[in-house]
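Trainee: sharing a sequence plus its predicted fold:
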Amino acid sequence: MSLKLQINEDMKSAMRAKETARLGALRLLLAAIKQREVDERIELDDAAVQAVIEKQVKQRRDSVAQYELAKREDLASAERFEIEVLSAYMPAQMSADEIDAVIDAAIAETGAAGPAGIGKLMGVLKPKLAGRADMSLVSARVKAKLSA
């Protein structure tokens with residue numbers, strides 16, 4: 001079963017169980033997927049659906065940060081719940097040690113050194129780690145390794 005069909009089935013079961021918060025999060029996700037399909041005039045595969053999910057999770061993390069600054073814990077907790085719902089459709093996240101191993105291998109592969117090699121290294125790392133690691137954290141680790 002494709003990821004999009006799985007999300008659709010989960011939406012239906014949330015509807016039957018009257019889980020309104022979960023239903024709302026899944027409807028927003030399906031709307032974002034449909035919007036991208038309409039914009040690009042294609043049927044999204046699982047990798048593209050995961051990219052949409054990753055973008056939605058990132059938007060919600062940004063929202064949580066903004067709500068916490070505004071001292072709106074009620075809204076922040078709602079966003080955290082949506083992150084939890086959406087994260088269920090993401091592949092398992094890599095540990096810090098696994099990320100470091102991939103970064104070290106990419107440094108050896110590209111021969112990147114110093115701050116000038118960050119862009120080149122990130123270009124190699126993004127396809128390997130997309131969806132399995134937070135790319136902002138990966139970028140911070142790369143900068144730390146190359147500046148050391």
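Mentor: Cool, the structure landed. Numbers count the residues shown, from 1 in each chain.
Trainee: how far away is the residue nearest to the spatial centre of the chain from Glu98?
Mentor: Against the mean C-alpha coordinate of the chain, by C-alpha atoms, centre = their mean, the closest residue is Glu54 at 2.5 Å. Look at Glu54 and Glu98: by C-beta to C-beta, to the nearest Å, they are 18 Å apart. All C-beta spots, glycine's among them, are computed from the backbone N, C-alpha and C.
Trainee: what does Leu3 give?
Mentor: Applying C-beta to C-beta, the value for Leu3 to Glu98 is 23 Å.
Trainee: hang on, Ala112 packs against Leu121?
Mentor: Yes: under the contact definition of C-beta atoms under 8 Å, Ala112 touches Leu121, with a separation of 4.4 Å.
Trainee: quick check: longest helix in the protein by residues?
Mentor: If you go by DSSP state H, the chain has its longest helix at helix 46-69.
Trainee: helix or strand next in line after that one, which one?
Mentor: Where DSSP states H and E defines the elements, the next helix or strand beyond helix 46-69 is helix 73-87.
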